[in-house]
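Enquirer: Let's see this in three dimensions:
(chains A and B)
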Amino acid sequence: MKMMKNYILIALLMIANLSWAQNKKIWVSGAARAVMYGDEYNTDAENDTTTVRKTQGGHALVDLGVNIQPSKNLLIQGMVRIRNDYGGFWGSGVTFDVRQLYIKGILGGFLKYQLGDINYKLTNYTFSNNVGLINKYDGVITGVPLEQIQYDLFYTDDNTWRQQGAAVDFALEFDEIINEAQFNLFTTRVMATDFNTQDDRLYSGGSVTFIQSKKLKFGGQFANLYDYAGTSNSTIYLRNPVYTGVAEVNHTIKNTQLRAALETGMSKLEWEGSPTAPVLEDYFYDLNVKAIWDKKDVSVTAGYRNVGPNFRSAGAQTMQINYQRAPAAYQRYGNEQNVRAISMMDVYRDASLYRTQITPGLMAYDPRYDNATPYGRATPNRKGLDVLIDYEDLQKRWKVEGDAELLSDVIGEGTSALKNYTTASAMAELRINKLMKWKDRKFWISGRFGMQDTKRSGDQSYENVDLATRFQDFNLTATVFGDLDFIAQYRFWQTKGNELVAERNEYSQIIDFAEYSSDYNESLLGAGLQYAFSKKTNLRFMWQTFTWDDTELLTQSYNMNTWNLYFTMKF
Amino acid sequence: MNVHKSKIAKFTLFLVLLSFTGIAQLADSSAIFDWRKGAFPKEKDGELYQIKATGFYRFFATNVSMDQPYLLDQNSGAVTKKKTLFIGDDTQLPNLMVNVSGRPSKKVSWGFDIFMFQFLDGQINPAYNPSVPTSSRPNTWNPLMGDRLGGNMGLNLGLNLYGSYYTDKGTFNLRMGGIHWFSISDLTLAGFRGYNRFLLNERNPWDPIGKQVGVRYNQMYENGSVYQDSRWGERAVQGAIFEGINLPNGWSFATMYGKTELNGGFVTIPNVSFGGKVRKMLRGTDYISFNTLNNQTWVDSLNTLPLGFNVFTVEYQGTFKGLKLHAEVGTGRYVSPINDYPWGEAISVKLLSTKKLTKFPIELHYYRISPYVVNNNAVFWNTSIIESAIVDRPGESVQSANVLTPFSSSMVAIGQMTNNRTGVNLNTAFKVGKLRMSVGYGVSSEIKAFQNKITYSHFVNQLTRSRFWRWDFPTNVGPYERYDKAYRDAYQKVTVTDDSLGFAINPKKFNQVEIHGKYRSKIANRKFYAFFLGRYNTAQPNLSLLPAFSEKAYIRQYNTELELYYQVAKPLFLNTYLGYERVIGNYQTDLNLETQRPLNQTGWGLGAGIDVSLGKNAGLYVRHRWFFFEDTSFPLDTYRGQETMVEIKVFF
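Expert: Here you go, the predicted model:
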């Protein structure tokens, strides 16, 4: 009888294990969303009898990622995107496509590999997806469509770039001298050969990180964008290796953490086999110190960096926004049907403006949205100081933040005079619900003022540059009841002055300067309601009015009223 | 470091990025640099709370034999072939439909259906459709351009997202995407339900089959209707629908903003339908409701020339002293950039006597829809304002042609209303022994003489005839160019000639009689069902209490159909069908130039078939039909032939 009981118990356990295994072998993850929007275009230009005044659109889509785990150490995910555009009935307007596919697993119990679609990053100077100034600061209204763009383009909070290739990560743990050594290796293909003049372009590299103790970490990175010679008829091969070393130490004195970090390295950009192409070589260093007072929740970071004018790192300098594109909505407007300039409203909602693959060299940028560091921290020809201060109330009732960068050219561009770049912003956030001790109710107000000045003076008039950008951002989130919040945002952006913008050849060398003049501002005022079905599922209805006002009349001023309905799910 | 000295066994190899086990390289928020490198994310992907798939497989094939060709298109000279073998259903309904739904949490869900067509046309390739070159494919930002993947695949009912919010004050539901099946009221947004007077011999793709064959026949007999799928009486809507139910004091509401099947399409100039209802429940099932549906678009890009319609109604349902009243009264208008149309009235009042008052239910239905109330989304067709008919079907609204409605003065089924018409319907249902009867009678009149055309459908061989023109919905086809193809129908247009220089002067009057008889018995201890359906309609210039069965009627249409079902064995039903149709026109309608005579049409349909159960929720249906039609006055409009239909349907 006892034996029988044991058999039953074993059988039950086996069934339980089996059912658990069945459940976990295949599961589905992904996202879904339904979006509707309407634009209303207005202009004071009396003679605009051409531009459509109202447009509407929308879509619903679901990304179904089927995760298959054939064994404990192996996972395959294939994700299908099914999209149905607003207005399509009975099958019209439907698209199917593969969104991502990868296999990953653990080899030999210690080596993790991934093959297929990969999100990858190393450091700020080797391989990192840097966010531009225009998108740097979250907004409760502007962040909603932007979040969908980021999701669509695989931009993550970890600043990774989506790559297609293979990656290997593993680590060794030691008893002596160092605690741990972490290794990350990757190779991806960023462009396929055309079998004629363009080779397969690969991107490979990796990092090694030594964790000596909690107090010291150091390591090295290598990233190389290169043409895979022989895969086409081309005899010129791009090479862009970047080597960096990085270290960080920290030491705690009572309640104060002190940290110091350094990243330094060099790059080379060449077109092997080309008799006319230059070889660009340069170096950089970026030294930072940081102090954290835990008891006060205050931190101050200060740094000094010098990035050489010929420092080229494709993985770090590729910009998210392709400013040579035109916005999808109202692409041409006015009686003349001129191409509409990219506005911040487009930046927040138009995914077609963004880039998904790293690009060698230096791309064109728009001085309005960041003239000082268009290529992120790795922007070449910059040296100077930066400071970041964070101070948060221990009860989380308020928070203040300040950041500043005082940079200048390393060498003059077209002149021996150097440009000075000053970028600064200050933010304060007040959590009134915490102040008033309201439970289960949000009431947050935040505001940010920012500026960026570019100045240069010289003996010659052409040397004089004076470009000023000012921006403001105010956000409000207040609980109406339950999980329903009222949200509102005002964002203002203004650029005024003149600049000489470098024009570069295919080798990213300056060949000329274009006169740039601007006196414009744009503002966005929005309000809406958001309901959180869960942490990952939100419904938002928003109205915005956007104004583009060009005092110099280089572009036609206009106003755009927009309503949006976003129902988003992640699972 | 000397690895050997430290003894290799002492160092352990471990994973840095253990997404499987949930151990991740954690970000040190106080560090200056982000020391996390390599492949991301470091965490395991989320997991869907629930996912499920339902749907059906449907094999459908028809083989038509016609000895003599029938002229399909006078312009091109196209005629029917001697034999036509067609695998698949040409009315946009697929072989396989899989409804997939997922529930990320208890409050929200999404769903979509994937369909697959299969025509068994011998095109053996690695895939049903050729590969789409990358250069031809739409880009991510504009998925509507170019060639898309999966030509034999698609979504039929689209992609839907649902959210629910439960409170102690009520439940709020949101639906986005679409297609969603949605209705507001008969005069604003609803599909025609009629009085369930139809036959079961024809196989509709959406018909449920029940757990075993024969269930539907029994339901038809028992309930006077059969179980219909969720779209029955509803309209296809895309966009956003927000509903509040179980609100305090019996209140509820529903709003919609988006597109109905009539104003779909991808033109970015807004063409939007919006409306909703606010309802207050009174006592039991009694309620009062305010309903509205509106459509707005512009014919110019500057949005200065609006086009659309508005309908506002108040609806009341109440029961008192054995009478059940359902009344909907409102007003509507058509907004046109060309003409300034006035507001018009829309009234539909139904008074139903319950068993408390009479032994069997009697429903009196009075309706009056002004010619200026235009809304093809409701249970009335537009027959008066022709510019609306054009705008409802803009060229780029690719799908709108699928649901064409006849324009002009239509002879319609009882319950189906049209604008520019007022009338009374009387409906009842009673039993005589094993015989269950449902009878309807209608008298109606146009309010104004707008059109000099009458349209009507041929009920006998209706689907067979509609299959002569596959896929498209051409107009002015057939001999004498007097047919328009609609969804699963081809209706006929007849010109009335008692006009004044082409302008109608006589508002037309209509009479309808519908008799639906259902009989169930057993023969040799096996189930036997007989369903009879007679539809007798006339259109004439004068109001007549009884149908004008004389030359006074412009058109007299008599349709008589009978179908029998006999259960030979538990999984096998035999069935037969007999249909007879007569349509007679008078001399105030189109005359043939040769014969100088008006319509004189006769149609026959004779069929037999079997239903075979293939297991639970699976069945095989075979139908064979001999069909015949002739118009002795219009000798080219004649055809005869045979059609065999095979259907295998499996629900899962």
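Enquirer: For the rest of this, base every contact and every neighbour count on C-alpha atoms.
Expert: Fine.
Enquirer: is B:L85 in a bridge, and if so with what?
Expert: Using DSSP bridges, the beta-bridge partners of B:L85 come out as B:N63.
Enquirer: residues contacting it?
Expert: Neighbour list for B:L85: B:A61, B:T62, B:N63, B:V64 [criterion: C-alpha atoms under 8 Å, 6 or more residues apart in numbering or on different chains].
Enquirer: Select only the buried ones of those in PyMOL?
Expert: A single PyMOL command suffices to select whichever of the contacts of B:L85 are buried according to 16 or more other C-alpha atoms under 10 Å in any protein chain shown:
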select buried, chain B and resi 61+62+64
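Enquirer: you'd agree A:L133 is up against A:A372?
Expert: No - using C-alpha atoms under 8 Å as the test, A:L133 is too far from A:A372 to be in contact (9.6 Å).
Enquirer: Looking at the two, which one has more neighbours?
Expert: Set side by side, A:L133 and A:A372 show more neighbours around A:A372, with 25 against 16, by other C-alpha atoms under 10 Å in any protein chain shown.
Enquirer: so what's B:D113 closest to, chain neighbours aside?
Expert: B:N99 (4.1 Å; C-alpha to C-alpha, 6 or more residues apart in numbering or on different chains).
Enquirer: secondary structure class for the one you found?
Expert: Judged by DSSP: H, G, I helix; E, B strand; the rest coil, the three-state class of B:N99 is strand.
Enquirer: Next, count neighbours for it.
Expert: Neighbours of B:N99 using other C-alpha under 10 Å come to 19.
Enquirer: Verify the stated contact: it with B:G111.
Expert: Yes - using C-alpha under 8 Å, B:N99 is in contact with B:G111, at 7.0 Å.
Enquirer: Which stretches in the chain count as helices?
Expert: As the question left the chain open, I've gone with chain A. Using DSSP state H, the helices of chain A run over A:2-25, A:143-152, A:314-317, A:344-349, A:432-435.
Enquirer: Chain B is the one I meant
Expert: B:215-223, B:386-391, B:462-466.
Enquirer: what's the closest of the ones you listed to A:L430?
Expert: When those are compared by C-alpha to C-alpha, helix B:386-391 sits nearest A:L430, at 53.5 Å.
Enquirer: center of chain A, which residue is that?
Expert: Residue closest to the average C-alpha location in chain A (C-alpha atoms, centre = their mean): A:V131, at 3.8 Å.
Enquirer: contacts for stretch B:340-360?
Expert: Against stretch B:340-360 from outside (C-alpha under 8 Å, 6+ apart): B:187, B:313, B:321-335, B:361-373, B:428-430.
Enquirer: Which of those fall in strands?
Expert: Among the contacts of stretch B:340-360, the members falling in strands are B:313, B:323-335, B:362-369, B:428-430 (criterion: DSSP state E).
Enquirer: which of those are buried?
Expert: For the ones in strands among the contacts of stretch B:340-360, a burial check counting by 16+ other C-alpha under 10 Å picks out B:313, B:323-335, B:362-369, B:428-429.
Enquirer: quick one: contacts for the residue nearest to the centre of chain A?
Expert: Contacts of A:V131 by C-alpha under 8 Å, 6+ apart are A:N159, A:M319, A:Q320, A:G376.
Enquirer: Could you rerun that using 10 Å?
Expert: A:Y137, A:Y155, A:D157, A:N159, A:M319, A:Q320, A:I321, A:P374, A:Y375, A:G376, A:R377 (C-alpha atoms under 10 Å, 6 or more residues apart in numbering or on different chains).
Enquirer: residue contacts, the first one?
Expert: Each residue near A:Y137 by C-alpha under 10 Å, 6+ apart is listed here: A:V131, A:G143, A:M427, A:R448, A:D473.
Enquirer: Now do stretch B:452-472: distance to the chain's middle.
Expert: Centroid separation between stretch B:452-472 and its chain, computed with C-alpha atoms, centre = their mean, to the nearest Å, is 16 Å.
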